[in-house]
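> any chance you could fold what I've pasted below:
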Amino acid sequence: QGIEHQGRIYCVRDYHKQIAHLCRGCGHPCESTSSRDAVHALDSWWHRKCFNCQKCHKQFPDKSFYVFEHLPYCRYDYHKLNRSLCSACEEPIEGPCAQVYEGRFHPGCFACAQCGESLRDVYYSLDGRFFCEQHVH
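Sure, this is the predicted structure:
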């Protein structure tokens, strides 16, 4: 049985090898490239069900995704791979951050355990908690 494409007949094997768009997610041909069935992103075709976070496999509900090593990821998994999760609250850091020996933090999360003030220049680390100079004692 042959498949017609642009006036030429191909055997199924040659059609899939030469003509069909292979899904980058599963490697099977995208039978239809309509936006209802397939997605063209990152220079590749994907079945709509295969175009999801490559780590947790959740769909992108708002159609936005992050790219790491030319693959799509959700916000959380992108930041986990990129090592940009806050060491205190484990939420993604986008924007300013405090980077110290103990990890990366949102500026508000890098705070004195006693008074809650954001730590800037001098801080003390004791039993996994941070303190300002005034409250380290």
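
> and the top helix by length along the chain, what's buried?
Longest helix of the chain, by residue count under DSSP state H: helix 75-81. Using 16 or more other C-beta atoms under 10 Å as the test for burial, helix 75-81 gives 75, 76, 77, 78, 79, 80, 81. Bear in mind the C-beta positions are built from the backbone N, C-alpha and C, glycine included.

> farthest pair in those residues?
75 and 81 (11.3 Å; C-beta to C-beta).

> rewinding a little: just put the buried residues of helix 75-81 in CSV and tack on distance to residue 122.
Output for the buried residues of helix 75-81, formatted as CSV (distance: C-beta to C-beta, whole Å):
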residue, distance to residue 122
75, 33
76, 32
77, 35
78, 33
79, 28
80, 30
81, 32
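
> between those, which sits nearest residue 115?
Out of the buried residues of helix 75-81, the member with the shortest distance to residue 115 (by C-beta to C-beta) is residue 79, at 28.7 Å.

> next, count neighbours for the closest residue to the closest one other than its chain neighbours.
With C-beta to C-beta, 6 or more residues apart in numbering as the criterion, residue 79 has its nearest non-adjacent residue at 3.7 Å, and that residue is residue 92. A count of nearby residues for residue 92, using other C-beta atoms under 10 Å, gives 18.

> fine, thanks again, bye for now.
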